[in-house]
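In: Turn this into a structure:
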Amino acid sequence: MKNEEEYDICVSCGKTTSYKKTDHVDFRYGYIEGAGQLCFVCSQTRKLHKTGSYDIDPEWTRYG
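Out: Now for the predicted structure:
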């Protein structure tokens, strides 16, 4: 049962994430297929660099 309590490690910074290794990837936020799990901070940083905004869908904010 030890395996069920192991949490994933962020592939970017090495911190422990809030997701267990047994959690399905479809229900995780910040999972990158082929790379692994990001912690919340690294996933938000990636989103900011990718989109220029922390918003969920920045396209809609352009139109007021």
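In: wait, what's in contact with the residue positioned nearest the centre of the chain?
Out: The residue lying closest to the centre of the chain (C-alpha atoms, centre = their mean) is Gly30, at 1.6 Å. Taking C-beta atoms under 8 Å, 6 or more residues apart in numbering, we find Gly30 in contact with Thr17, Gln37, Leu38, Cys39, Phe40, Cys42, Ser43, Arg46. (Each C-beta comes from the backbone N, C-alpha and C, glycine too.)
In: Could I get the pLDDT score of the third one?
Out: Just to be clear, that refers to Leu38. At Leu38, the model reports a pLDDT of 94.
In: From Lys20, how far off is it?
Out: Separation of Leu38 from Lys20 (C-beta to C-beta, to the nearest Å) stands at 15 Å.
In: out of the two, which sits in the more crowded spot?
Out: Leu38 (25 against 13; other C-beta atoms under 10 Å).
In: next one: phi and psi at that one?
Out: Backbone dihedrals for Leu38, given as degrees, to the nearest 10, come out at phi -110, psi 150.
In: number of nearby residues for Glu5?
Out: Close neighbours of Glu5, defined as other C-beta under 10 Å, add up to 9.
In: Quick check: closest non-adjacent residue to Lys21.
Out: The shortest distance from Lys21 to any non-neighbouring residue, by C-beta to C-beta, 6 or more residues apart in numbering, is to Glu6 (5.0 Å).
In: again, but for Ala35
Out: Val11 (5.4 Å).
In: which residues touch that neighbour?
Out: Ile32, Ala35, Gly36, Gln37, Leu38.
In: Okay, the first one and Glu5: tell me how far apart.
Out: Right, the one you point to is Ile32. Note on Ile32: its distance to Glu5, by C-beta to C-beta, is 24 Å.
In: ok, now the second one?
Out: Ala35 is 23 Å from Glu5, where distance means C-beta to C-beta.
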